[in-house]
Each structure stands twice: as C-alpha cells, then as structure tokens.
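K.L.:
Compute the structure for the input listed below.
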Amino acid sequence: MALKFKDIKNMGKDEREKKIKELKLELIKARATVSKSGSSKIKEIKKAIARLLLLNHTQ
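P.N.:
Residues are numbered from 1 along each chain as shown. Predicted structure coming up:
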C-alpha cells in the first residue's frame, strides 16, 4: 500500500485522480471494519491520499 512520493510523481494526473478515488473507497471500507489492526491501515490510507492530493494541487 505504501505509495512513495517518487512513484506518485511519475503518475499522470488522471492516474492520481483514479488512485485518490480508489483510496477513498478503501478508507470507507476500512472504517466500516475497524479493528486493532484497522486503525493503522486507516492512518496509512490517509497518508497516501494526502500525498496524492499534495502533488495533484502543486502540479
């Protein structure tokens, strides 16, 4: 799941938009099935979305 900044930078704008939508859906699913390990997964998904949004708005 860990999206590296350099990998995101190599994506096209459409790819990043698609990935954001996928991650938001995954975040909703993760919140629905919260468990002890789920909270760390939610945190990881949020960070990935933040990275994608950061690059989306700067370019």
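
K.L.:
give me the element residue 31 is part of.
P.N.:
In this assignment (DSSP states H and E), residue 31 forms part of helix 13-32.

K.L.:
How far does that helix sit from its chain's centre?
P.N.:
How far helix 13-32 lies from its chain's middle: 6 Å, per Cα atoms, centre = their mean, to the nearest Å.

K.L.:
for stretch 25-37, same thing?
P.N.:
13 Å.

K.L.:
got the contact list for it?
P.N.:
Applying Cβ atoms under 8 Å, 6 or more residues apart in numbering, the contact partners of stretch 25-37 are 38, 41-42, 45-46, 49. Backbone N, C-alpha and C define where each C-beta goes, glycine included.

K.L.:
Let's see if you can find the most crowded of these.
P.N.:
Neighbour counts for the contacts of stretch 25-37 (other Cβ atoms under 10 Å) peak at residue 45, which has 21 neighbours.

K.L.:
confidence score at that residue?
P.N.:
With respect to pLDDT, residue 45 scores 92.

K.L.:
ok so, going back, check which residues of the very next helix or strand once past the helix holding residue 31 are buried.
P.N.:
Next along the chain after helix 13-32, taking DSSP H and E as the criterion, comes helix 38-58. Along helix 38-58, these residues count as buried under the neighbour rule (16 or more other Cβ atoms under 10 Å): 41, 44-45, 48-49, 51-52.

K.L.:
likewise stretch 14-26?
P.N.:
By 16+ other Cβ under 10 Å, the buried positions in stretch 14-26 come out as 16, 19, 23, 26.

K.L.:
tell me the contacts of the residue nearest to the second one when sequence neighbours are not counted?
P.N.:
Leaving aside its chain neighbours, residue 19 sits nearest to residue 52 (5.9 Å; criterion: Cβ to Cβ, 6 or more residues apart in numbering). Listed by Cβ under 8 Å, 6+ apart, the contact partners of residue 52 are 3, 8, 16, 19-20, 23.
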